[in-house]
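Asker: 3D, please:
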Amino acid sequence: MDINQQKEQFSLTYIRAIAAVAGYSLYRPEIDNDSIDLGIVSRGGVGKILSPRLELQLKCTARDILDKSYIKYPLILKNYNDLRINALVPRILVVVLVPERIADWIKQTEEELCLRHCAYWVSLRGMPETANRNNVTIELLRSNQFTPDVLQGIINRISFGELP
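Answerer: Numbering: from 1, shown residues only. You can find the predicted model right below:
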């Protein structure tokens, strides 16, 4: 498996862990032609929309892209355009940051299994068109960590007809 495949598998596992703790199911499109890697669905719901869904474009990087208050990620133009549309199921970009060395991605003891480092999310819905030809640099606030509590909040907002 090459490094990009390892990053893809790690990011999928990271999101599976977050969704499991939050109490949600996952689905994966058979073909990724719409920039959607995973979908998250809640059974039932608390708002006017039952069984709310959220779709994710996942990226994983070991690049030094951290700033004091945000991270910058160069997103391929096709992904940018697919994520900024007014889709029926809300979409977000999730970027998982990992250490440079693969051996540092996880730490395991009898007491814990630690997945390193962190995932950040942003909604690109409604973002403007761009004249860029290849990619768009996306700024994700470091305060927008993708955690089980945050995921539950996003799903609850969707269930009330709000955006992530």
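Asker: Between its first and last residues, what's the separation in stretch 98-117?
Answerer: End-to-end span of stretch 98-117 (Cα to Cα, to the nearest Å): 5 Å.
Asker: Quick one: list the elements packing against the strand ranked longest in the chain.
Answerer: Criterion DSSP state E: the longest strand present in the chain is strand 53-61. Applying 3 or more Cβ pairs under 8 Å, 6 or more residues apart in numbering; DSSP states H and E, one finds that strand 53-61 makes contact with helix 3-22, strand 38-41, strand 70-76, helix 77-83, strand 91-97, helix 148-159. Just so you know, the C-beta spots here come from the backbone N, C-alpha and C atoms, and that holds for glycine as well.
Asker: Relative to it, what are the paired strands and their orientations?
Answerer: As defined by DSSP bridges, the strand partners of strand 53-61 come to strand 38-41 (antiparallel), strand 91-97 (parallel).
Asker: mind listing what Thr147 touches?
Answerer: Listed by Cβ atoms under 8 Å, 6 or more residues apart in numbering, the contact partners of Thr147 are Ile18.
Asker: In terms of pLDDT, where does it sit?
Answerer: Looking at Thr147, its pLDDT is 99.
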